[in-house]
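Student: Provided below for reference: sequence and predicted model.
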Amino acid sequence: MRIVLASSSPSRRMILVNAGVDPLIRPADVDEDALLAAHEGSPAAAVAALARAKAHAVAADHPGDVVIGGDSMLLIDDHLQGKPHTREATVARWHEQAGKVAQLLTGHCILFGEQEFVETSATTVHFAQASDADIAAYAASGEPWQCAGAFTLEALGGWFIDRIEGDPSSVIGLSLPVLRRALYSFGLDASAFWR
């Protein structure tokens, strides 16, 4: 029995590795834009739907394993924001969010056989009033291009986050408390997956 991560996110993998788990990495191939366009409901339900689609996309190939799907988006000014993908979009996002408070929503879907555990965690992020030069340098680094909300907490982006309220691992991409609750609901112990 292994933990299978339905994601290519280096941050999600890092969380598991640092927590003593060597996951199988099996990125899910889902059309996130189509799923979001078709989804009606709360922002929290939208990220949960993305996580659920990712977990189910790889679960059939891993019977008997614990499969984790996850997705994160930033809720700011009542709008969900995903990855910026480019330097220009990153600069624009940071000019919008500098000095503001937002919610980083991370949807989780954890599967074990026929059992499913779905939960979205919300963490409040207080963005610094970063200088134009720092915003430009951060965007040029490429680091935030593939990150929800155009930032990381655990690397260069940490310079520009004044504080968070909530689960730090969730902001990085995968909540260990949510994963623990899922494993317990399946009758499994977290330590069973430690190397």
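Tutor: Great, that's in hand.
Student: which residue of this structure sits farthest from its center?
Tutor: Ala133 (27.4 Å; CA atoms, centre = their mean).
Student: that residue sits in which helix or strand?
Tutor: helix 132-141 (DSSP states H and E).
Student: buried sites along that helix?
Tutor: 135, 138-139 (16 or more other CB atoms under 10 Å). Placement of C-beta: from N, CA and C, glycine included.
Student: who does that helix touch, helix- and strand-wise?
Tutor: helix 87-97 (3 or more CB pairs under 8 Å, 6 or more residues apart in numbering; DSSP states H and E).
Student: tilt between the helix it packs on and helix 132-141?
Tutor: 140 degrees (axes from the mean of the first three to the mean of the last three CA atoms, to 10 degrees).
Student: just confirm Arg26 contacts Ala59, I think it does.
Tutor: No. Look at Arg26 against Ala59 with CB atoms under 8 Å: they stay out of range, at 9.6 Å.
Student: of those two, which one has the most company?
Tutor: Ala59 (22 against 18; other CB atoms under 10 Å).
Student: after the helix or strand that contains Asp71, which helix or strand is next?
Tutor: In the assignment (DSSP H and E), Asp71 maps to strand 66-76. Helices and strands here follow DSSP H and E; after strand 66-76, the next one along the chain is strand 79-81.
Student: off-centre distance for that next one?
Tutor: 14 Å (CA atoms, centre = their mean, to the nearest Å).
Student: tell me the first helix or strand C-terminal of the lowest-mean-pLDDT helix or strand in the chain.
Tutor: Least confident helix or strand, the chain: helix 32-38 with a mean of 84, by mean pLDDT, DSSP states H and E. Following helix 32-38 in sequence order, the next helix or strand is helix 43-59 (DSSP H and E).
Student: which strands and helices sit next to that next one?
Tutor: helix 32-38, strand 66-76, strand 79-81, strand 101-112, strand 115-127.
Student: residues in contact with that helix?
Tutor: 4, 6-7, 26, 28-30, 32, 35-36, 39, 41, 67-73, 75, 80, 105-111, 116, 118-120, 122 (CB atoms under 8 Å, 6 or more residues apart in numbering).
Student: now which of those would you call buried?
Tutor: Among those, those scoring as buried are 4, 6-7, 26, 28, 30, 32, 35-36, 67-73, 75, 80, 105-111, 116, 118-120, 122 (criterion: 16+ other CB under 10 Å).
Student: OK, contacts around the residue nearest the centre of the chain?
Tutor: Centroid check for the chain by CA atoms, centre = their mean gives Gly173 as the closest residue, at 3.1 Å. Taking CB under 8 Å, 6+ apart, we find Gly173 in contact with 7, 9, 11-12, 15, 70, 72, 106.
Student: repeat for Ile110
Tutor: Contacts of Ile110 (CB under 8 Å, 6+ apart): 55, 66-69, 116-118, 178-179, 182-183.
Student: thank you kindly, that will do.
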